[in-house]
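Peer 1: sequence unavailable; structure follows:
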């Protein structure tokens, strides 16, 4: 790309900061007693907001990018990669986009909730290594776009962070809509679990002018009467959601692109970690067809089909993430969203 | 200050990113079964690290600043102020310091722990308003350096975030020492609860070359045999900690400055929120005397005594935070730490 800043140039930031968006307030009945600070009477709790750290470069493009992490993850997803290179935060700042990195309600820096939570400490990282398609533990997939340096895996595992209270899709989508209300029109970039919640956010906000979705998980929304049958796999069933057609049509008003990585089998597999992605990819194809059938503008890119191999569930932080960023940039340019 | 960049100039960032530092790993006995991902056998959990987001400006000074939040807080402490102005992150970037903002283990973006946790959702914000000396709820203190705009209080309350597992002072200090091991010599800036943990970190790391501590809370460390008697207050008792003299002497090898704000009574008070700060301030004075008695270089600045009024428990994000930053900068300059 012409004019792109390289990794060695300084970032020139016109403005950066952080704030909470959305959320609710609960209150205890009674009167506050300043002599007895631990009585809850008359006290409030502000929770269920999202937190965002944002940066706006000099000569920023009109539409900023709002980056929303996936399940068990937080804003780190878009920052430094596990092997220490620049993530999408820096890459798209260098391409003159404003970037908003969010922690969804009850995750990471948005931990304060109006609901209680409990967190176990059960070892589960070999599961995530496998579900996130780095390989089948302890083997990496051949040619996988993930560094074999042990420190990379250490950093990758430490990108996990728990929910401080139960996930609530509407709470999350409401907070994202509140963020767009505050910042104005922009583009939403989702990953995995936030893929499905991102569709809900589009239903709630007319300020989302385009969506880039990496490996969206459950939560595909179809018009009532057109909902596909649940899809079985050795990694569990995948159900789609029906909404009134008038709501669904909001998803047809903006450009949408979906990317899936490599090592997703095309036929049923007894490897549950891989097979669940087979049905997600299949459901995503049906969904793109439904959006376009109703006049929308959605595309699905299965990376190996365009000759890009080895990507995990995290293409934007994989070893070839600059190539993945180029694809996303080209999509935005093609749709006049840049 | 000559050459200082103003709030309207762009920030020129040579490098920025994030990583985890410190932490441990636990493992379940047995063998991982990729066909049964939810069996814990053979799986690991990486937790109890800290998380940091760092920025290094062009022409950075030699020693970066590591900012450590207080109790119930996270890295937001140092970012945008509750009323939307620049916090110490930006202010000290503009003064050409590298800045590392941390979330301590089991807080914010470092939520992944090897210990389980439970989080209640009990309203408690009027307690914090009062303990943090914005006023005695619902009244602000006259002349307090906090905006009366309701959105400021909304943002301030949403800066709270819970512990995802019990606080462990040694886990936290070890993670901070690991951070300094990775980044090399630097300066530690603490607030409230991290004040006491910061002294422990100095005992664990010889890479901490100076400490700036805002309203340090419990955890003052004295040589064994010189530990002051516990101090009573209407807000609870304050106990100091004894360590072998050889350990204590590490605190005498670096410049240290402590700041306390306004509305701390000089005589015992029946307002527990204020009275607890009276004894913290009194203990801090004894501590500074002990450090200096043993050849150290510690100073305590009670802001009203130098004509700076109205500061809360968060001087660095109060309305006069640029004046507070000037004080800190002048201290660093005087000690050749800039």
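Peer 2: Sure thing, it's come through. In this text, all values refer to a predicted model and were calculated from it rather than measured experimentally. Numbering: from 1, shown residues only, chains lettered A, B, ... in the order given.
Peer 1: what segments of the stretch 101-250 of chain A are strands?
Peer 2: A:117-119, A:135-136, A:139-140, A:186-191, A:208-214, A:221-223, A:241-243 (DSSP state E, counting those that start in this stretch).
Peer 1: just put the ones you listed in CSV and tack on mean neighbour count and mean pLDDT.
Peer 2: Placement of C-beta: from N, CA and C, glycine included. Conversion of the strands of the stretch 101-250 of chain A to CSV gives the following (neighbours: other CB atoms under 10 Å in any protein chain shown; pLDDT from 0 to 100):
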stretch, mean neighbour count, mean pLDDT
strand A:117-119, 19, 98
strand A:135-136, 18, 98
strand A:139-140, 15, 98
strand A:186-191, 26, 98
strand A:208-214, 24, 98
strand A:221-223, 20, 98
strand A:241-243, 16, 97
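Peer 1: before we move on, what's the pLDDT of residue A:8?
Peer 2: pLDDT for residue A:8: 77.
Peer 1: surely residue A:288 touches residue A:302?
Peer 2: No. Counting by CB atoms under 8 Å, residue A:288 stays clear of residue A:302, with 11.1 Å between them.
Peer 1: the strand or helix carrying residue A:275 to strand A:208-214, inter-axis angle?
Peer 2: Assigned by DSSP states H and E, residue A:275 falls within helix A:272-293. Taking axes from the mean of the first three to the mean of the last three CA atoms, to 10 degrees, helix A:272-293 and strand A:208-214 form an angle of 150 degrees between their directions.
Peer 1: elements contacting helix A:272-293?
Peer 2: Helix A:272-293 is packed against helix A:125-131, strand A:221-223, strand A:255-260, strand A:297-302, with contacts defined by 3 or more CB pairs under 8 Å, 6 or more residues apart in numbering or on different chains; DSSP states H and E.
Peer 1: and that helix, how far out from the chain's middle?
Peer 2: 17 Å (CA atoms, centre = their mean, to the nearest Å).
Peer 1: cool, and stretch A:93-113?
Peer 2: Distance of stretch A:93-113 from its chain centroid, counting by CA atoms, centre = their mean, is 10 Å.
Peer 1: what pLDDT, on average, does that stretch get?
Peer 2: pLDDT averaged over stretch A:93-113 gives 98.
Peer 1: tell me if that stretch is near chain B.
Peer 2: Yes. Remark: stretch A:93-113 sits within contact range of chain B at A:103, A:108, A:109, A:110, A:111, A:112, A:113, by CB under 8 Å from any CB of the partner chain.
Peer 1: so which of those comes closest to chain B?
Peer 2: Ranked by distance to chain B (CB to the nearest CB), these are led by residue A:111 at 3.8 Å.
Peer 1: how many neighbours does the closest one have?
Peer 2: Counted with other CB atoms under 10 Å in any protein chain shown, the neighbours of residue A:111 add up to 30.
Peer 1: would you mind listing what in the stretch 201-338 of chain A touches chain B?
Peer 2: So the stretch 201-338 of chain A meets chain B at A:270, A:271, A:272, A:273 (CB under 8 Å from any CB).
Peer 1: buried only: go through the residues you listed for me.
Peer 2: A:271, A:272, A:273 (16 or more other CB atoms under 10 Å in any protein chain shown).
Peer 1: tabulate the residues of the stretch 201-338 of chain A next to chain B (JSON lines), appending pLDDT and distance to residue A:8.
Peer 2: Listed next are those as JSON lines, based on pLDDT from 0 to 100; distance: CB to CB, whole Å:
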{"residue": "A:270", "pLDDT": "94", "distance to residue A:8": "47"}
{"residue": "A:271", "pLDDT": "93", "distance to residue A:8": "41"}
{"residue": "A:272", "pLDDT": "94", "distance to residue A:8": "43"}
{"residue": "A:273", "pLDDT": "92", "distance to residue A:8": "38"}
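Peer 1: how about the residues you listed in CSV, adding distance to residue A:209?
Peer 2: Below are those laid out as CSV (distance: CB to CB, whole Å):
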residue, distance to residue A:209
A:270, 42
A:271, 38
A:272, 37
A:273, 34
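Peer 1: and the furthest pair within these?
Peer 2: Farthest apart among these by CB to CB are A:270 and A:273. That separation is 10.7 Å.
Peer 1: could you name every residue contacting both of these two?
Peer 2: Between them, residue A:270 and residue A:273 share no contacting residue under CB atoms under 8 Å, 6 or more residues apart in numbering or on different chains.
Peer 1: how many neighbours does the residue nearest to residue A:137 when sequence neighbours are not counted have?
Peer 2: Leaving aside its sequence neighbours, residue A:137 sits nearest to residue A:126 (CB to CB, 6 or more residues apart in numbering or on different chains; 4.1 Å). Residues within reach of residue A:126, counting by other CB under 10 Å, total 25.
Peer 1: with residue A:66 instead?
Peer 2: 26.
Peer 1: looking at the closest residue to residue A:179 other than its chain neighbours now. What's its pLDDT?
Peer 2: Using CB to CB, 6+ apart and skipping residues adjacent in sequence, the residue nearest residue A:179 is residue A:21, 4.1 Å away. For residue A:21, the pLDDT comes out at 98.
Peer 1: for residue A:21, give me its contacts.
Peer 2: A:49, A:50, A:52, A:175, A:178, A:179, A:182.
Peer 1: can you check residue A:262 too?
Peer 2: Contacts of residue A:262 by CB under 8 Å, 6+ apart are A:133, A:141, A:144, A:145, A:303, A:304, A:308, A:309, A:310, A:311, A:312.
Peer 1: cool, thanks, talk later.
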